[in-house]
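Colleague: Provided below for reference: sequence and predicted model.
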Amino acid sequence: MSTTARTPMSVSPLWLQASIVTFLVGFAILGYLAIRVYEDHPPIPGKVVMEDGQTLFTAEDVRDGQELFLTYGLMQYGSIYGHGAYLGPDFTADYLHRQAEEMHKQYGATAEALVRVERELQANRYDAAADVLTWSKGQSQAFDTLRRHYEETVLDRAASGGGGLGAHAVKSADDSRRIVAFIAWTAWTAAARRPGLPHSYTNNWPPEPLVGNRLTSEAVVWSTLSLVALLGGTGLLLTLFGRYSTVLGWHSPAPGLIRFRPAGEVALTPAQQITGWYFFIVCALFLLQTLLGGATAHYHAETGGFFGIDLAQWLPYNLTRTWHLQLALFFVVASYLAAGIFLAPLITGGEPRGQRPLTIALLAALVVVVVGSLAGEAASYKGWLQGASRPFLGAQGWEYLDLGRLWQILLVVGLVLWVIILFRGLQGKLRTESRGNLPHLFFYSALSIPAFYAVGLLSHSRSDFAVADFWRFWVVHLWVEDFLELFTTIMVAYMFVLLGVVQPRTATRVVYLDVLLYSIGGVVGTMHHLYFSGTPAIHMALGAFFSAAEVIPLTFLTVEAWAFMQMGAHTRVEGGPAAFPHRWAVLFLAAVGFWNFLGAGVFGFLINLPVVSYYQIGTHLTANHGHAAMMGVYGMLAIALIVFCLRYLLRPQDWSDRLIGFSFWTLNLGLAWMVFVNLFPLGVLQLADVVTNGYWHARSLEFFEKHAYIEWLRLPGDVIFIAGVVPLLYLSGLAVIRPTSVRTATGPTANTSESPLYTIEPALDTP
C-alpha cells in the first residue's frame, strides 16, 4: 500500500508542540472552572416563603420567569448582573435598590432602620436541607410593591411613551409575576452572603450602600496582579522582539521580481463565482445592520420615539437591538465563510467537482437561518409564540445567542457543511503537506468555528443563570474573540503567501506566535466576563489575571504594524508599488490593527480590571469596547476579505479604487465618531454617576434623558458610517449582475506550486 510523502514542517516542530501544550493547559483550567461553577452557583430555592410560612414564589416560578425574561427580549432591553442591553435598567441592581428603600420606609426611615435593612438583606436564610428560603416581613412586602411597579412602568405599561419597549410588552399578568420573581431572586443573590464568606454570591455586586455591598479584597488584589502580569508580559514580549527581531513577525519577503496577474486574467472556479452572491448578501445584511444600529442608538436620544414617530409600536428597542447584534454576527461570519471558500482553490490550484452545488446549498441554508431567526425573534418578543415554541422557534434571548434553538442547531449544521466544503477543496494539499504547515492550520481553525459555536447549545433558557452564562461566554469570547481571530489571522497570512509578499515559513511562524500569545491569555481570560454573575471568586481571580495577558498579542500587532504596512515596499513588484492590486485590502487590515489595539486592547483592558468592572459593567464603557472591538476588528476584517475577493470577482472595468477608498475613510471616521464623541464620554459620565449616585441611577432613564445631548451628537457619525456601506453593496451587486467570465475547468484538485495570482522571476543579484 503506497502512501504519499508529506513535505516537512516549514518551521521547527517546537512551535506546534508549544501550541498544543498551551491549549491543553488553558482548557484544563477551564474544565476545573466548569466544575466549580456547577458546584457553587447560587441556589434556586424550592420555594421562597414569608416568615409565617406563606409561599411567595417557587423555583419553578423563577425558572419560568427567567425563560420569559429572555424570550420576551428583556435582556436586549435592560440587563441582569450587568449583562445585556443599556437602555432599560439593570433589573438586579434596580430591584435591590428599590427593595432597600421600601424596607427602609417600612421600618420607620431611621438610622436604626438602615442598619436593620442591611442586616436582613445580607442574611442568608436559605435552608438547603429543606430547600426553603425565608424572607423577612420587609422583603416580602417589598416584593408585592415592586411587582406592581415593574408591571406598571416596564412590563405592562398602558401607553407606549418613553422607555423604548412600547405598550403592553408583556400582556399576561401571570407572566409578569414570574418575571419579577426571577428578578427578585437575582437581587437576593446580589445581597445574601455566601455561606462562610463575607461577600454575596455576586462578589458584592452591584455597589449599593443601602445593602452594604462594597468592593471585595479579591477584586483589589487581582486587579493589582493583573497590572503586574500586563507590564511584565509586555516587557518580556518587547525583549524577545529586540533579541529575535529578524525571526519574529512579518519579515523576509519572497525573493525575486513579482508580476501580479491582472485581475481579469485570474481564473475563477464555479464555487468562487458563487461567493459573489455571498458577498452581496453580506453587504446587504451589513447595511440593514447599520440602519438598525442607528435606530437603536436613537432610542437613547429620544426615548419616546423616532423623530416624533412612535417607533416602539412596530420596532421596539429590544427588537432593533437584537437584530442589530445578530446581523453583526451574521454578516461577519458569512463573509469569513465565503472568503474561506474563495481561498481554497487558490491554495490548491483547483477544486473538485461538486463544490458549486454544495456552495449554493450552504448559501440557501444561511438565508433560511437568517430570515427564520429574525422572524422568530420578532414573534417571540411580540408574544405571538407561546410555551415551548418560544425558545425553540422564536428566541432563546441570551445576548449573542438570541436566536431560537432550531435556528441555532441549523446554523451549526451549516457551519459543518462549510467545513466539508473546505475539506474537499483542501484535501489535495492536506495529503501532501506536514500536519503542522499552513494548509492544516487553515483547516484546524475552520474546524474550531462550528465546534465552539456548538458549545452555546449547553446554554438553555431555563439553565441556572451562572451555568448558562459560563457556556454562553464560550461563544461570545472563545468563538468570537479567539477562534474567529485565529481563523482570520491564518487567512490573512495565507493571502500574503498567495500574493508572494511573504514566504510560507514566515507566515507560519507568525501564525504560531499569534496562537501562543492569544492562547496564553484568551482561553482562561474568558472568565473576565463572569466576575459578578454568580460564579465563585476563583473565576474572578483567574479571569482577571489571564485577561491582562490578552493585551500582549495586541501589543505585538502594534509593534509589527509598520512592518506589516511596509511589506509591499520591501517586495520587488513589476511596475512598482502602484502595481500592487490590494492596497485597500491591506489598509483595511491596517485599520484592524489600530482598532484591535485601541478597542480590544486599551478599552478592553480598562473594563476588564475587577476594580473598574465592578463600577462600570453594563455601562457605555462596555458598549464602547464592544463597538470598537467588534466592528473595528471583526467588521474591518470582514470588509478586508470582501475587498480582496471582489478584486477578482468584478470585471476590471467595474472595479473602483475611489469607491473603496470612500468606504475605507467613512467607515473608520464614522466608527471613531461613535467612540470618541458618544460612547466613551458617556461611559465616563456613567462611571462617575455610579460612584456618586449608585449603579442603579447610572442605568436609569433619568440619567440618559439628562445627557441626551451627547446621544444627539452621535448622529453625524452614524450617518457617515452608513454612507460607507453603500459603495460595498453597489460593487458586490455588480459582482453578481456582471461577474467576470473567466473560469477554470472543474476536476480533481490540482496540486501546483505556481500561484494563480502572480508569477515570480528570481532576482538577478541573488547569489
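Modeller: Yep, it's here.
Colleague: what kind of secondary structure is V170 in?
Modeller: coil (DSSP: H, G, I helix; E, B strand; the rest coil).
Colleague: That one: how many residues sit nearby?
Modeller: For V170, the neighbour count with other C-beta atoms under 10 Å is 22. Backbone N, C-alpha and C define where each C-beta goes, glycine included.
Colleague: Tell me if I'm right that it and G65 touch.
Modeller: No - contact criterion C-beta atoms under 8 Å: V170 and G65 do not qualify, at 10.8 Å.
Colleague: what do the two both touch?
Modeller: Residues touching both V170 and G65 by C-beta atoms under 8 Å, 6 or more residues apart in numbering: I179.
Colleague: Now do the buried residues in the helix or strand in which L426 is found.
Modeller: For L426, the element it lies in under DSSP states H and E is helix 405-432. For helix 405-432, burial by neighbour count (16 or more other C-beta atoms under 10 Å) applies to 405-408, 410-412, 414-415, 417-419, 421-422, 424-430.
Colleague: Distance check, the residue lying closest to V677 once chain neighbours are set aside against Q141.
Modeller: Leaving aside its chain neighbours, V677 sits nearest to L713 (5.2 Å; criterion: C-beta to C-beta, 6 or more residues apart in numbering). Per C-beta to C-beta, to the nearest Å, L713 is found 44 Å from Q141.
Colleague: returning to that earlier point: what's downstream of the helix holding L426, the next helix or strand?
Modeller: According to DSSP H and E, the helix or strand after helix 405-432 is helix 438-454.
Colleague: For the helix or strand just after that following helix, give me every contacting residue.
Modeller: Sequence-wise, the next helix or strand downstream of helix 438-454 (DSSP H and E) is helix 465-473. With C-beta under 8 Å, 6+ apart as the test, helix 465-473 has contacts from 33-34, 37-38, 41-42, 66, 80-81, 83, 186, 398-401, 455-456, 458-461, 526, 529-530, 533-535.
Colleague: Buried residues of stretch 15-34, list them for me.
Modeller: In stretch 15-34, counting by 16+ other C-beta under 10 Å, buried: W15, L16, S19, T22, G26, L30, L33, A34.
Colleague: likewise stretch 660-676?
Modeller: 660, 662-664, 666-668, 670-675.
Colleague: quick one: which of those is nearest Q616?
Modeller: Of all the buried residues of stretch 660-676, Q616 sits closest to V675, with 15.6 Å by C-beta to C-beta.
Colleague: pLDDT below threshold where in the chain?
Modeller: Within the chain, the ranges that satisfy pLDDT under 70 run 1-5, 158-162, 244-258, 304, 553-579, 741-755, 758-767.
Colleague: So H41 versus I35, what's the distance?
Modeller: 11 Å.
Colleague: between these two, which one's more packed in?
Modeller: H41 (22 against 9).
Colleague: tell me the contacts of that one?
Modeller: D464, F465, A466, V467, G534, T535.
Colleague: can you do 10 Å?
Modeller: Counting by C-beta atoms under 10 Å, 6 or more residues apart in numbering, H41 touches 189, 201, 463-470, 533-536.
Colleague: which element follows the helix or strand containing F330 toward the C-terminus?
Modeller: Assigned by DSSP H and E, F330 falls within helix 317-348. Following helix 317-348 in sequence order, the next helix or strand is helix 355-381 (DSSP H and E).
Colleague: For that next one, enumerate the helices and strands it packs against.
Modeller: helix 59-71, helix 270-301, helix 317-348, helix 389, strand 395-398, strand 401-403, helix 405-432 (3 or more C-beta pairs under 10 Å, 6 or more residues apart in numbering; DSSP states H and E).
Colleague: Downstream of that helix, the next helix or strand is which one?
Modeller: Using DSSP H and E, the next helix or strand after helix 355-381 towards the C-terminus is helix 389.
Colleague: just checking, what packs against that next one?
Modeller: Checked by 3+ C-beta pairs under 10 Å, 6+ apart, helix 389 has helix 355-381 packed alongside it.
Colleague: How far does the helix it packs on sit from its chain's centre?
Modeller: 20 Å (C-alpha atoms, centre = their mean, to the nearest Å).
Colleague: Okay, buried residues for it please.
Modeller: Here helix 355-381 shows 355-356, 358-359, 362-363, 365-366, 369-370, 372-374, 376-381 as buried, counting by 16+ other C-beta under 10 Å.
Colleague: cool, stretch 203-217 as well?
Modeller: N203, N204, W205, P206, P207, E208, L210, V211, G212, N213, L215, T216.
Colleague: gap between the nearest residue to the third one once chain neighbours are set aside and L268?
Modeller: Read that as W205. Excluding its sequence neighbours, the residue lying closest to W205 (C-beta to C-beta, 6+ apart) is F532, at 3.6 Å. Per C-beta to C-beta, F532 is found 51 Å from L268.
Colleague: Who has more neighbours out of those two?
Modeller: Legend: neighbour count by other C-beta under 10 Å for F532 and L268, higher for F532 (26 against 23).
Colleague: mind checking the SS state of the more buried one?
Modeller: Strictly by three-state DSSP, F532 counts as coil.
Colleague: what's near enough to touch it?
Modeller: F532 neighbours (C-beta under 10 Å, 6+ apart): 81-83, 92, 190, 200-206, 219, 539-540, 610, 613-614, 617-618.
Colleague: try W15
Modeller: Going by C-beta under 10 Å, 6+ apart, W15 touches M9, G436, T508, R509, V511, Y512, L513, V515, L516.
Colleague: Kindly report the same for G456.
Modeller: By C-beta under 10 Å, 6+ apart, the neighbours of G456 are 396, 398, 400-401, 403, 408, 411-412, 468, 471-476, 479.
Colleague: Going by neighbour count, which of those residues comes out on top?
Modeller: Sorting these by how many neighbours each has (other C-beta under 10 Å) puts L403 first, at 29 neighbours.
Colleague: which one is that residue nearest to, not counting chain neighbours?
Modeller: S373 (3.8 Å).
Colleague: I'd say the one you found and L325 touch.
Modeller: No - here S373 lies out of contact with L325, judged by C-beta atoms under 10 Å, at a distance of 11.8 Å.
Colleague: Now the common contact residues for those two.
Modeller: D402.
Colleague: Let me see the ranges of the strands in this structure.
Modeller: 47-49, 55-58, 79-80, 83-84, 126-127, 132-134, 257-260, 395-398, 401-403, 572-573, 758-761 (DSSP state E).
Colleague: and the fourth one, what does it pack onto?
Modeller: In terms of contacts (3+ C-beta pairs under 10 Å, 6+ apart), strand 83-84 is packed against strand 395-398, helix 465-473.
Colleague: among those, which is nearest G196?
Modeller: That would be helix 465-473 among the helices and strands packed on strand 83-84, by C-beta to C-beta, at 18.3 Å.
Colleague: Off-centre distance for that closest one?
Modeller: That offset, for helix 465-473, works out to 15 Å (C-alpha atoms, centre = their mean).
Colleague: between it and helix 59-71, how big is the angle?
Modeller: Helix 465-473 runs at 30 degrees relative to helix 59-71, counting by axes from the mean of the first three to the mean of the last three C-alpha atoms, to 10 degrees.
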